[in-house]
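[1] Following is a predicted model, sequence given first.
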Amino acid sequence: MEDTDRCVQWLRELADVLPEDTTGLRRPELLQLLQDLTGTFVELPEEGRRRVSRAMTVPVGSALKVLATHVLEQALDEQRPELLRTAVRAHVVEGFQIEAEDSVRHLAMLAEACRRLDVDLDELVQEVLPVAGDEAREGLTEFTRRPRADRLLTGFGLRLEQGEDGWRFRALRPGRQG
């Protein structure tokens, strides 16, 4: 099977296993699927990447963002900065096609994980820009050009907390600033 077809097949597989409650996406086999998908996607020629993008659906795009968040949390739990590459690549695969504003919220989570793991967000983004579609390239570039204060989780109604189950990104509670 050609790599482009494999990526499209992985998107279909993801669509087939989507639970209604996306917290069920925190499964090792789905996180591995995400790593395989994103690693293969960035190696595709431009026409292959376009074909994969055309196969994107709203539920799959949403699931990719949720999976990317789980990868960020796993990176924080395990102190594995190399996992941040998978997360940013997931946003490139999704291509900012599904709720671009939500994609920007997810980039704030990526920025926080980068900060905590001492990874340069700008360098991480620069690495994927050559394979990003127009909308993803624009969204990623615009986000990295923001002042650091405009990338903070609280500005997006989010917080990061550590509990018994590890690091988790959560919505801010009403009346709380972080």
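    Sure thing, it's come through. Note that the structure is predicted; figures quoted are calculated from it, not measured.

[2] CA atoms for contacts and neighbours, from now on please.
    Fine.

[3] so residue 140 touches residue 127, yeah?
    No. Contact between residue 140 and residue 127 fails when scored by Cα atoms under 8 Å: they sit 11.2 Å apart.

[4] For the two, indicate the residue with more neighbours.
    residue 140 (25 against 14; other Cα atoms under 10 Å).

[5] what pairs with residue 166 across the strands?
    residue 163 (DSSP bridges).

[6] contacting residues around residue 56?
    11, 94 (Cα atoms under 8 Å, 6 or more residues apart in numbering).

[7] Quick one: the helices in this protein, in order.
    Applying DSSP state H to the chain gives helices spanning 3-17, 28-41, 46-54, 58-78, 83-94, 100-116, 121-128, 134-145.

[8] Quick check: which of those has the most neighbours on average?
    Stretch with highest mean neighbour count among those: helix 83-94 (a mean of 25; mean count of other Cα atoms under 10 Å).

[9] Need the contact partners of that one.
    Against helix 83-94 from outside (Cα under 8 Å, 6+ apart): 34-35, 38-39, 41-42, 52-53, 56, 61, 64-65, 67-69, 71-72, 74-75, 103, 110, 113-114, 124-125, 128, 131-133, 136-137.

[10] try it again with 7 Å
    35, 38, 53, 61, 64-65, 68, 71-72, 75, 124, 128, 132, 136 (Cα atoms under 7 Å, 6 or more residues apart in numbering).

[11] Need the CA coordinates for it. PDB is fine.
    Presented in PDB, the C-alpha positions along helix 83-94 are these (Å, rounded to 0.1, in the frame of the first residue of the first chain):
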ATOM      1  CA  LEU A  83       6.700  13.700  21.600                       C
ATOM      2  CA  LEU A  84       6.000  17.400  21.000                       C
ATOM      3  CA  ARG A  85       6.900  16.800  17.400                       C
ATOM      4  CA  THR A  86       4.000  14.300  17.000                       C
ATOM      5  CA  ALA A  87       1.600  16.900  18.500                       C
ATOM      6  CA  VAL A  88       2.600  19.700  16.200                       C
ATOM      7  CA  ARG A  89       2.500  17.400  13.200                       C
ATOM      8  CA  ALA A  90      -1.100  16.300  14.100                       C
ATOM      9  CA  HIS A  91      -2.100  20.000  13.800                       C
ATOM     10  CA  VAL A  92      -0.400  20.000  10.300                       C
ATOM     11  CA  VAL A  93      -2.300  16.900   9.300                       C
ATOM     12  CA  GLU A  94      -5.600  18.400  10.500                       C
END
